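**Q** just to be clear, the model below is a prediction. Sequence and coordinates:
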Amino acid sequence: MLITGTFLDEISHDIPHQNWGEKEWDRDFAAMKSAGIDTVILIRCGHKRFITFPSKYLMDNEACFCPPLDLVELFLTLADKYDMTFYFGLYDSGKYWHRKECEKELTISKFVAEEAWKKYGHHKSFKGWYLNCEITRLQVGMTGLYRDLGNFVKDLSGNLPTMISPFICGVKCMPDNPVSTAEHEHDWDIILSEIKGAVDILAFQDGHCDYDELPEYLEINRDLARRYGMQSWTNCETFDRDMPIKFLPIKWEKMRLKLEAARKAQLDKAITFEFSHFMSPNSMYQSAHGLFDRYMEYRQELLS
Amino acid sequence: MLITGTFLDEISHDIPHQNWGEKEWDRDFAAMKSAGIDTVILIRCGHKRFITFPSKYLMDNEACFCPPLDLVELFLTLADKYDMTFYFGLYDSGKYWHRKECEKELTISKFVAEEAWKKYGHHKSFKGWYLNCEITRLQVGMTGLYRDLGNFVKDLSGNLPTMISPFICGVKCMPDNPVSTAEHEHDWDIILSEIKGAVDILAFQDGHCDYDELPEYLEINRDLARRYGMQSWTNCETFDRDMPIKFLPIKWEKMRLKLEAARKAQLDKAITFEFSHFMSPNSMYQSAHGLFDRYMEYRQELLS
Amino acid sequence: MLITGTFLDEISHDIPHQNWGEKEWDRDFAAMKSAGIDTVILIRCGHKRFITFPSKYLMDNEACFCPPLDLVELFLTLADKYDMTFYFGLYDSGKYWHRKECEKELTISKFVAEEAWKKYGHHKSFKGWYLNCEITRLQVGMTGLYRDLGNFVKDLSGNLPTMISPFICGVKCMPDNPVSTAEHEHDWDIILSEIKGAVDILAFQDGHCDYDELPEYLEINRDLARRYGMQSWTNCETFDRDMPIKFLPIKWEKMRLKLEAARKAQLDKAITFEFSHFMSPNSMYQSAHGLFDRYMEYRQELLS
């Protein structure tokens, strides 16, 4: 199971910024390509007041700051250049959906999706949407948000595929009261049944349960996805959740364990959160360079 | 608004040490110069038992450790060499002023100032004093400490300018109970009225309020400074307060927002805390190299 | 007092992984050698489910994961190559001895020791054992664990020396209720009397008390060791316990203070936790490169 996709995280919710410009991003897309990555997913086009493209709607209505660089244009240009598939991540207000005002979140996201599609839809690499509000269990209003938003962007774009990347409410999420596999399956059976048709790809994050619990979760998630006609991807986290510094690149052994588990569970594709900080030879974290080297040796082994 | 000054922070209260020697410091002063920095401010000459120069007074009376390198001599020599203005930051006991024993803090600081002036006052770059105990609101005894210390070092040195760099008790300082702008103005009107004449430069830190609140605070601080005949500088923090890792270099967009706000408020000068860790091409943090590149592009734009 | 030994910490309990392969480790052993290091101590051969060598016993009985690289074989091969002494650190279940099930911990450790000795005992550099469960005060069952384990591995290996590296329950361990020197001495007098003969080297960690308290602790520990016929080493921590980021390389001045204190107390040898992250020119942390340079200057001074 090899990584063929990565999130792009340059809004920096909780991951420190590398302060890259165009040249540095071009170099990193080249590194992604060399590692076999064919898919890039913008994790969100904006978070609270910080946005990745000069959205008139968000600047006028949510008092967002005008960014110094149009990252969406840059990412799409690079995805075009390197022949990659780009998923556009929608806006995250960081407040409305947390306060259960999902209708408000939906309204904003629709305007932003329309603006983005009009502005960037001509790029040949613009091939999908990422519905970015990440949830872990049944949560009031969120199923409706996914469904309505998914249907909206698919209608808007000639049925381009949509993706979500939820997380397991496991021991690394809720140490004192982790979800059971049965509760997890129960919740997600309901959620998926309600968003069926509006969401095409289910890409669970793989870092919130313990390494020995992962295989069972992967199988559950795979079966759930198949039941509702979705593709099942794994979002292989390449940062280490087990260390006091939140977060540095993961130990290669752990990444390999997770990839092997995904291979055994026969998932459809592996992506990562995310290449540029945690497994790139260009990362600000030197241990990411080591992770890149170890991963590339492993990849060489599998491919030969 | 361009950065023309930086703190020097090699006592390391809460910023990890880079373990630089003379060669590395020389290289970093050269980088500062290339970025247009003409002013360096030693943030303190000692903190608790760790000191930057072998102060007999502090070793004898406060049981301070004799440092392996005379950083003050090194910094002044480099400031001489690169034709910069050096501000000497006084000693911070880390205890007396916190316990409201400001008289004790004052006594020590006076001895240290005398010793430093005698030892280093001949350097052509020794051109000011930094009164280093940082406060945010009215605090028993602190106004007197600033006033008496300011007057003392000015008398000692033929009226060299004195500077303070307080912080706003904003949402990133006191998340549950941030100061209002009215309370901030109330407190600082009293404080400045009491230290008038003893302090020449007011350089508020710009990182404790939210980005959209900063413009109003900058204007308040500028007006307060003018009311009491002081210069108004902005201390543009170049580390990111919004990330889980405390602290890595700031996202360039945030720094730019803060500099633009300072430009609009027409402050007299912008300094930073601090160049060597957070925006130097020599920093141990690689994202600082990116910040340097982005800042230099911006500077080039403004200058051309 | 120069550093002549280092722990090897590639199980990564709380220190992020560098993701080194064989080439990188070889390069780092060369750097150690250049800095005068003649002794390497594997801090543990396994922690919970992660292990450094493919131990059949641990995989079968403790459900440990099979590692991608046999680090023990690699470390021993490199220790052979660079003519170093290697201490093998035993397995740490991360649970049994914490739950006072020391008998269970002992049973596992014995099996692992036997397996390791059979597999790796032929290496010329395999010259000692590290009893890895680190304690700070009298703790039910732990004295017995050290004693029985120490005797067991000595019998197994023709009396190879055994080492422990406990920590002082000082102000950086228990800020609100640090141990007194009298309590420390009381506890360790009892502990050492009970493990006498089973443990040859006492290498207290030097980072949990304040810098000015260290000299007294070093003398107490030295005298205790001598009383019970042990060697007294200092484990000079090269990471900084005083910073918000847990952990980055220590400020050189602090390391020098601790080495000077160890020299005055006439300890038998200084080792560090640990070279590869915190004072290596190859470390992922750039300030470690600075620490290496400062240390090498100091070493040059002492040797010339």
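**A** Now that the structure is in, tell me what you want to look at.

**Q** now the helices for the stretch 51-200 of chain A?
**A** For the stretch 51-200 of chain A, the helices defined by DSSP state H, counting those that start in this stretch cover A:56-61, A:71-81, A:102-120, A:142-156, A:181-195.

**Q** make TSV from these and add mean neighbour count and mean pLDDT to it.
**A** Every residue, glycine included, has its C-beta placed from N, CA and C. As requested, those are exported to TSV (neighbours: other C-beta atoms under 10 Å in any protein chain shown; pLDDT from 0 to 100):
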stretch	mean neighbour count	mean pLDDT
helix A:56-61	15	98
helix A:71-81	20	98
helix A:102-120	19	97
helix A:142-156	19	97
helix A:181-195	17	98
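
**Q** out of the ones you listed, which comes closest to C:Leu303?
**A** Counting by C-beta to C-beta, C:Leu303 lies closest to helix A:71-81 out of these; the figure is 53.0 Å.

**Q** can I get that closest one in CSV? Just the C-alpha atoms.
**A** Taking C-alpha atoms only, helix A:71-81 is exported to CSV below (Å, rounded to 0.1, in the frame of the first residue of the first chain):
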residue,chain,number,x,y,z
LEU,A,71,-2.4,29.7,-2.8
VAL,A,72,-5.3,28.0,-4.6
GLU,A,73,-4.1,29.4,-8.0
LEU,A,74,-0.6,28.3,-7.1
PHE,A,75,-1.6,24.8,-6.0
LEU,A,76,-3.8,24.3,-9.1
THR,A,77,-1.1,25.6,-11.4
LEU,A,78,1.4,23.1,-9.9
ALA,A,79,-1.1,20.3,-9.9
ASP,A,80,-1.7,21.0,-13.6
LYS,A,81,2.0,21.1,-14.2
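
**Q** got the angle between that helix and helix A:102-120?
**A** Put simply, helix A:71-81 runs at 50 degrees to helix A:102-120, going by axes from the mean of the first three to the mean of the last three C-alpha atoms, to 10 degrees.

**Q** OK, contacts around the closest residue to A:Thr52 other than its chain neighbours?
**A** For A:Thr52, ignoring the flanking residues on the chain, the nearest one in space by C-beta to C-beta, 6 or more residues apart in numbering or on different chains is A:Leu71 at 4.0 Å. With contacts defined as C-beta atoms under 8 Å, 6 or more residues apart in numbering or on different chains, the neighbours of A:Leu71 are A:10, A:42, A:52-53.

**Q** now the stretch 1-150 of chain A, which segments are flagged as low pLDDT?
**A** Low-confidence regions of the stretch 1-150 of chain A, defined here as pLDDT under 70, do not occur.

**Q** and the strands in it?
**A** Assigned by DSSP state E, counting those that start in this stretch, the stretch 1-150 of chain A shows strands spanning A:3-8, A:39-42, A:46-47, A:50-51, A:85-89, A:91-92, A:126-130.

**Q** which SS class is the closest residue to chain C within the stretch 201-304 of chain A?
**A** Residue nearest to chain C within the stretch 201-304 of chain A (C-beta to the nearest C-beta): A:Gly290, separated by 3.0 Å. Three-state secondary structure (criterion: DSSP: H, G, I helix; E, B strand; the rest coil) places A:Gly290 in helix.

**Q** now do A:Tyr91 against B:Gly197, distance only.
**A** When distance is defined by C-beta to C-beta, to the nearest Å, A:Tyr91 is 52 Å away from B:Gly197.

**Q** the more surrounded of those two?
**A** Between A:Tyr91 and B:Gly197, counted using other C-beta atoms under 10 Å in any protein chain shown, the more crowded position is A:Tyr91 (29 against 14).

**Q** my read is that the more buried one contacts A:Ile43, right?
**A** No - counting by C-beta atoms under 8 Å, A:Tyr91 does not reach A:Ile43; the two are 11.3 Å apart.

**Q** next, show the common contact partners of the two.
**A** Shared contacts of A:Tyr91 and A:Ile43 (C-beta under 8 Å, 6+ apart): A:Asn132.

**Q** setting aside sequence neighbours, what's the nearest residue to A:Gly128?
**A** Counting by C-beta to C-beta, 6+ apart, the nearest residue to A:Gly128 once its immediate chain neighbours are dropped is A:Tyr87, at 4.1 Å.

**Q** partners of the one you found in the sheet?
**A** As for beta bridges, A:Tyr87 partners with A:Ile41, A:Gly128 under DSSP bridges.
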